[in-house]
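Student: Next one to model:
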Amino acid sequence: MFLETNRMTKSLLGFMVLLSAIGCVNKERPNKETIDDVAESYVKLCLQVGQYDDSFVDAYYGPQKWQPKEKVQGDFPYEELKWKANNLLHKIDAIDPQTCQKEMKLRRNFLVKQLEAVATRLDIMSGKRLPFDMEAQKLYDATPPQAPLSYFDALVDSINLLIPGEGPLNQRYLQYSKQFIIPPDKLSKVFDTAISEARNRVKEKIELPKEERFELSYVTNQPWSGYNWYQGNYHSLIQINTDLPIYIERAIDLACHEGYPGHHVFNVMLEKSLVKDKGWVEYMVYPLFSPQSFTAEGSANFGIEMAFPGDERVEYEKSVLFPLAGIDPNLADEYYKIQALRKKLNFAEIAIAREYLQGSIDPEEAESDLMKYLLFSKERAKQRLSFYTTYRSYVINYSLGEKMIKDFVNSFGVTDKEHWQAFYQLLSTPRTASVL
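Tutor: Residues are numbered from 1 along each chain as shown. As a prediction, this is how the structure comes out:
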């Protein structure tokens, strides 16, 4: 199993033993300020910032005593919190990376990038607005692609040829895709089956803690289609939004993205490998607007392909999920040919979000672009604009994150075993986009 980790050999010299004990050496105050000190202060700072931004702390499962005891009073203390973030950056800068072993260098880099993101989010909370690409770089440690919307016209034309009829392409597509909607009374059965299959496939590749589990619930009136709320102790709460019709492909998408080997497994393995096995307390908190989300969303999206490689997904859906949903399996091949083209259009969303958030286009123009390039309904386009307003440049983490994770995994070799070894590294080591 890939769960086994490398251990220090007993032959290390005394100096190296000391380094492994303290992690890295402080350049300014040797053996005084350690990376563990910075990590604990980072967690407490994130929790304090979360008092002023309900979306900031996505998960926390550390000591209750670290939670701020005072209720929020008065104005947002931007200057105080920004000073704390910068002070922690100064402290970690004093930790000499040349004295760190490889894994600790990754840990140090992770904390630097996370703290830079905290400082940037504080700027945004104070009312400052950065250009879309600069915001994405500072928050997620990744540079968005610059392709204009016209780049995607050829893909739209290819889909246009596959869907007969007259009128706007998105309307024809929506009419065609109605036959792939999961009936509400079959939704639970289809999703439960998809999740069980995804879990079984992942357990064959990664040894998961016996205690891991999650609860599934259905909600409405949310800007997202699915969400994983990690609770700690290998437990997740996964919510599926039923505001809009749910299509058959979303069963595997959400089962893998939110569950196996996506967000649930990602958080479970971080908790086990880094928090419980190594005592790295910084992973007890998950600030949403940070480089951690780039790896989380990218691995969750690419996790679909990991669990169902090649033609396995379509074959499984045709034989199991389509019949469960009462959908004709004979329609699957053509449908997934169209879905493969639609997936390539996902990068168009970054261009639309950039123009919308920077004020280059108004809401009506943004909705129109989403309907043209993503083939959304007007209702789905409005929901997506609500997502951009709430989460801003977070949108880059899906398509760009998936591409970078895929490139990373494929660089390890061509066999299934090599790919899962690389994927496991992502789930159990501190890596940000620039490291990838």
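Student: Any buried residues in the one helix or strand residue 343 maps to, and which?
Tutor: Secondary structure assignment for residue 343, by DSSP states H and E: helix 332-344. Judged by neighbour count (16 or more other Cβ atoms under 10 Å), helix 332-344 contains these buried residues: 332, 335-336, 338-339, 342. C-betas here are computed from N, CA, C, even on glycine.
Student: Make JSON lines from those and add distance to residue 246 and pLDDT to it.
Tutor: Output for the buried residues of helix 332-344, formatted as JSON lines (distance: Cβ to Cβ, whole Å; pLDDT from 0 to 100):
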{"residue": "332", "distance to residue 246": "17", "pLDDT": "95"}
{"residue": "335", "distance to residue 246": "15", "pLDDT": "95"}
{"residue": "336", "distance to residue 246": "17", "pLDDT": "95"}
{"residue": "338", "distance to residue 246": "17", "pLDDT": "96"}
{"residue": "339", "distance to residue 246": "14", "pLDDT": "95"}
{"residue": "342", "distance to residue 246": "16", "pLDDT": "95"}
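Student: Next secondary structure element downstream of the top helix by length along the chain?
Tutor: Using DSSP state H to define each element, the chain has its longest helix at helix 102-125. Using DSSP H and E, the helix or strand that follows helix 102-125 in sequence is helix 132-140.
Student: Got the domain ranges for the protein?
Tutor: What automatic domain parsing lists as the domains of the chain is 14-140, 149-428.
Student: closest to residue 434 out of those domains?
Tutor: domain 14-140 (7.3 Å; Cβ to Cβ).
Student: just how off-centre is that closest one within its chain?
Tutor: Centroid separation for domain 14-140 versus its chain: 20 Å, with Cα atoms, centre = their mean, to the nearest Å.
Student: Equivalent analysis for stretch 163-173, please.
Tutor: 32 Å.
Student: Could you point out the helix or strand that follows the helix holding residue 343?
Tutor: helix 348-357.
Student: packing partners for the helix or strand that that following helix is followed by?
Tutor: Sequence-wise, the next helix or strand downstream of helix 348-357 (DSSP H and E) is helix 363-373. Judged by 3 or more Cβ pairs under 8 Å, 6 or more residues apart in numbering; DSSP states H and E, the packing partners of helix 363-373 are helix 169-177, helix 348-357, helix 378-391.
Student: tell me which residues in the shortest one are buried?
Tutor: Neighbour-count burial for helix 169-177, with 16+ other Cβ under 10 Å as criterion, is recorded at 169-174, 176-177.
Student: Need the residues that contact whatever helix or strand comes next after it.
Tutor: Remark: after helix 169-177, the chain's next helix or strand is helix 187-203, criterion DSSP H and E. Helix 187-203 has contacts (Cβ atoms under 8 Å, 6 or more residues apart in numbering) with 182, 208, 216, 218, 240, 242, 246, 248, 251-252, 254-256, 259-261, 265, 307-308, 316, 320-321, 324-325.
Student: And for stretch 383-398?
Tutor: With Cβ under 8 Å, 6+ apart as the test, stretch 383-398 has contacts from 55, 124, 132, 135-136, 139-140, 142, 144, 223-224, 243-244, 288-289, 293-294, 296-298, 301, 346, 349-350, 353, 356-357, 363, 366-367, 370, 374, 376.
Student: Please spell out the ChimeraX selection for the buried subset of those.
Tutor: Buried subset of the contacts of stretch 383-398, written as a ChimeraX selection, criterion 16+ other Cβ under 10 Å:
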select :124,132,135,136,139,140,142,144,223,224,288,289,293,294,296,297,298,301,346,349,350,353,356,357,366,367,370,374,376
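Student: Stretch 277-291 spans what distance, first to last residue?
Tutor: Distance between the two ends of stretch 277-291: 22 Å, counting by Cα to Cα, to the nearest Å.
Student: Counting neighbours, which bits of that stretch end up buried?
Tutor: Buried residues in stretch 277-291, counted by 16+ other Cβ under 10 Å: 280-291.
Student: Can you flag which of these belong to strands?
Tutor: Per DSSP state E, strands hold the following members of the buried residues of stretch 277-291: 285-287.
Student: quick one: low-confidence ranges for this protein?
Tutor: The chain contains residues with pLDDT under 70 at 1-23, 25, 27-32.
Student: centroid residue for it?
Tutor: Centroid-nearest residue in the chain: residue 297, 1.9 Å away (criterion: Cα atoms, centre = their mean).
Student: just checking, that one touches residue 401?
Tutor: Yes. Taking Cβ atoms under 8 Å as the definition, residue 297 is a contact partner of residue 401 at 4.7 Å.
Student: follow-up on the earlier one: when you filter the contacts of helix 187-203 down to buried only, what's left?
Tutor: Counted by 16+ other Cβ under 10 Å, the contacts of helix 187-203 give 182, 208, 216, 240, 246, 248, 251-252, 254-256, 259-261, 265, 307-308, 316, 320-321, 324-325 as buried.
Student: Lovely, talk soon.
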